[in-house]
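**Q** Okay, here's the prediction I keep looking at, along with the sequence it came from:
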There are 2 protein chains.
Amino acid sequence: MSSVSIKEVAARAGVSPGTVSNVLNRPEKVAESTRRRVEEAIRELGFVRHGSASSLRAGHSRTVGLSVIDIANPFFTDVAAGVEEVASERGYAVILGNSSGDRLKEERNLLVFAEQRVRGVLITPAGENLAKVDQLRERGISVVLVDHPAERPDQCSVAVNDVTGGAMAVSHLLTAGADRIAYVTGPLTVRQCADRLIGAERALAAAGRDPRAVLEEIPMGAMNARCGQQAAEKLLAEGRLPDAVFCANDLLALGMLRGLLQAGVRVPQDVSLIGYDDIDFASASAVSLSSIRQPTHRLGRVATELLLDECDNPETHAHQQVIFQPELVVRESTR
Amino acid sequence: MSSVSIKEVAARAGVSPGTVSNVLNRPEKVAESTRRRVEEAIRELGFVRHGSASSLRAGHSRTVGLSVIDIANPFFTDVAAGVEEVASERGYAVILGNSSGDRLKEERNLLVFAEQRVRGVLITPAGENLAKVDQLRERGISVVLVDHPAERPDQCSVAVNDVTGGAMAVSHLLTAGADRIAYVTGPLTVRQCADRLIGAERALAAAGRDPRAVLEEIPMGAMNARCGQQAAEKLLAEGRLPDAVFCANDLLALGMLRGLLQAGVRVPQDVSLIGYDDIDFASASAVSLSSIRQPTHRLGRVATELLLDECDNPETHAHQQVIFQPELVVRESTR
DNA sequence: CATTCTTATCGAATCGATTTACTTCCTGCC
DNA sequence: GGCAGGAAGTAAATCGATTCGATAAGAATG
């Protein structure tokens, strides 16, 4: 526990603590020779700045909070990688919170962020109610919404157009000759799931089909491969397979694919299948998966850049609601 | 920026700051009625404890640092999920660092952890040299090695026996009739890669084969799917395919699989293929992947439990080097 | 009733870095 | 020579929570 403080460095270098602080934060204010002496003392004593003490004085720390819905989902992992990249470039640390889609856990994460006096928060909210997020902002903590468009112009957000994505997926299925489509999704309280459904219905309407007749919703509790497989088993058990399945993400789709293949259903001959996110593994699956690609890594990068800009230049910062467009990737599962 | 301090809470409740602190940290020391009054003041003012101030006094914060080699790899994601779970249960926040296998970035991460005065560090080291880790420990920060067995008994670690795993993979390939095996791996400076190679050679020796004649090492720069595919292209270009491929992780294996299938090589008829880690996607791939399973999630959980035990009960804590055993999972790619 | 023990609370010192007002000491200029 | 202005550095106050010795008010004991 040999914690070396700025005082000991000062003593060693024969200067006052204030000067050491200047060497650390405004080196140009210090004479060349003194600076070198102090830097040497720092090295010799193995001094490491005490972040808590700095933040105490500064009012905030050099950290950002990141709250995601499912850390095991490659979509969020890619986003997180982008976030970590930018944060680390700028000397910020990332505090990770995994909400698992649970609003209570999310709230706990936000509390931890507030206690740590993070500089800002990046969050993929687990639901529509942003009251807790607003509370944070009232506390003076900047928040950027990730994969969730802000409704108000005074807030930054980065998202991908999910309505368009849903429409792309379904019109592609229609082109491939689909007549009855199952939409396998997570809880429809999740905005992404709901928006993709809206897009799906619009695409049907645009093609002159009656959404109610063509589309069947299959909501599952979570959006992982296990639930995808369960959805497959459910469809099979009920004995009335659709001729196309649109899954709200690739994990569900991969589970669905496994379930179908195990039951001897051929993809795409018997059932067409399309996922969402275009995670790395989509192209390596048993039948390579058609999907809707999102610029995940950029999502994380841009969100973090916006956040740090908002923190560092509060006067000149202009809030932005960035919306990326998704992209259809056709592979074997829909041919 | 309406930061409410303990003083204002104290004023509102008509007590001293010390008493508020007691309500926060040792509620049993405070009379029922006072406690309720203070708690109400806290609620009314929306007080949130200032973590930096606490840590400054306490000497450490309620955070743990987690440094992994590749946040985009499902193996580490699963570990991270386990870590986050336990940390969050115990009221700790997780600071995430991604070293990308780069020792310089790792060093920077450790510096950030030190500045934040994290309570402890969980790290999958990017190389064999643990000097920087030892420096941290000298500073009084507990460190648990993750997926890396500690060499010294005064340090906790959690790992999986990679020699055994490598041997399992190769003896399985031999059983399947392999005669010439390629070992596609990351840099052999990565311990996991090196150990799996040792296991592979032992299995060959045990089967009375000459490792040099049977085994060809193909080291790649990184351990992701892209490199796996490059390795496939390399093997194909050289025109001398082995009859079995052992990949040091599943990402490499999935890339290899894609590369082979695209070139019209049949798996497992022409080439048997086995990966390592048994990530979720291994079973959903084009040809479902045989692999060596590791208890990833538990790895993260146990490591964090050890770390927090070491922090919270330094007197009674007994250092442990936990070694889990891997498990062979046979699927289509080796039949 | 006086004394000891307990319990509840207070108040001041403390953690380490930053910052501001202030002191020196030069340099340059009229 | 005297004075303005700048550069370099110092000392002390500050951030907010925690802790510990001090204190006061009751309860228990003889």
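**A** Thanks, I have the structure now. Numbering: from 1, shown residues only, chains lettered A, B, ... in the order given.

**Q** The stretch 51-200 of chain A: helices as residue ranges?
**A** Ranges of helices in the stretch 51-200 of chain A, per DSSP state H, counting those that start in this stretch, are A:51-58, A:74-89, A:103-115, A:131-138, A:162-175, A:191-206.

**Q** Do the second one and chain B come into contact?
**A** Which is helix A:74-89. Yes - using CB under 8 Å from any CB of the partner chain, helix A:74-89 reaches chain B at A:74, A:77, A:78, A:80, A:81, A:84, A:85, A:88. (Each C-beta comes from the backbone N, C-alpha and C, glycine too.)

**Q** Which positions within stretch A:35-55 qualify as buried?
**A** A:35, A:37-39, A:41-42, A:45, A:47-55 (16 or more other CB atoms under 10 Å in any protein chain shown).

**Q** next one: stretch A:134-151
**A** Judged by neighbour count (16+ other CB under 10 Å), stretch A:134-151 contains these buried residues: A:136, A:141, A:142, A:143, A:144, A:145, A:146, A:147, A:148, A:149, A:150.

**Q** Show me which of those is closest to residue B:244.
**A** Nearest to residue B:244 among the buried residues of stretch A:134-151, counting by CB to CB, is residue A:147 at 41.8 Å.

**Q** give me every residue that touches that closest one.
**A** Residues in contact with residue A:147, defined by CB atoms under 8 Å, 6 or more residues apart in numbering or on different chains, are A:79, A:124, A:158, A:159, A:160, A:192, A:299.

**Q** Can you tell me which of these is nearest DNA strand D?
**A** residue A:124 (28.8 Å; CB to the nearest atom of the strand).

**Q** residues in chain A within reach of DNA strand C, list them.
**A** Remark: the part of chain A in contact with DNA strand C comprises A:3, A:5-7, A:17-18, A:20-22, A:24-25, A:47, A:49-50, A:53-54, A:56-58, using CB under 7 Å from any atom of the strand.

**Q** Report the buried members of those.
**A** A:6, A:20, A:21, A:22, A:24, A:47, A:49, A:50, A:53, A:54, A:56.

**Q** Please render the residues of helix A:74-89 next to chain B as a markdown table that adds neighbour count to the earlier fields.
**A** Formatted as a markdown table, the residues of helix A:74-89 next to chain B follow (neighbours: other CB atoms under 10 Å in any protein chain shown):
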| residue | neighbour count |
| --- | --- |
| A:74 | 24 |
| A:77 | 26 |
| A:78 | 22 |
| A:80 | 26 |
| A:81 | 18 |
| A:84 | 25 |
| A:85 | 18 |
| A:88 | 20 |
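
**Q** circling back to that earlier point, mind checking which of the buried ones among the residues of chain A next to DNA strand C land in strands?
**A** Assigned to strands by DSSP state E, none of these qualify.

**Q** and chain B, which of those contact it?
**A** Taking CB under 8 Å from any CB as the test, chain B is in contact with A:49, A:50, A:53, A:56 out of these.

**Q** how about the third one, what does it touch?
**A** Pointing back at residue A:53 there. B:52, B:56.

**Q** Show me where the stretch 151-300 of chain A dips below the pLDDT cut-off.
**A** For the stretch 151-300 of chain A, no stretch is flagged by pLDDT under 70.

**Q** rewinding a little: would a markdown table of the helices of the stretch 51-200 of chain A with distance to DNA strand D be doable?
**A** Putting the helices of the stretch 51-200 of chain A into a markdown table (distance: least, CB to the nearest atom of the strand, whole Å) gives the following:
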| stretch | distance to DNA strand D |
| --- | --- |
| helix A:51-58 | 4 |
| helix A:74-89 | 24 |
| helix A:103-115 | 9 |
| helix A:131-138 | 16 |
| helix A:162-175 | 40 |
| helix A:191-206 | 35 |
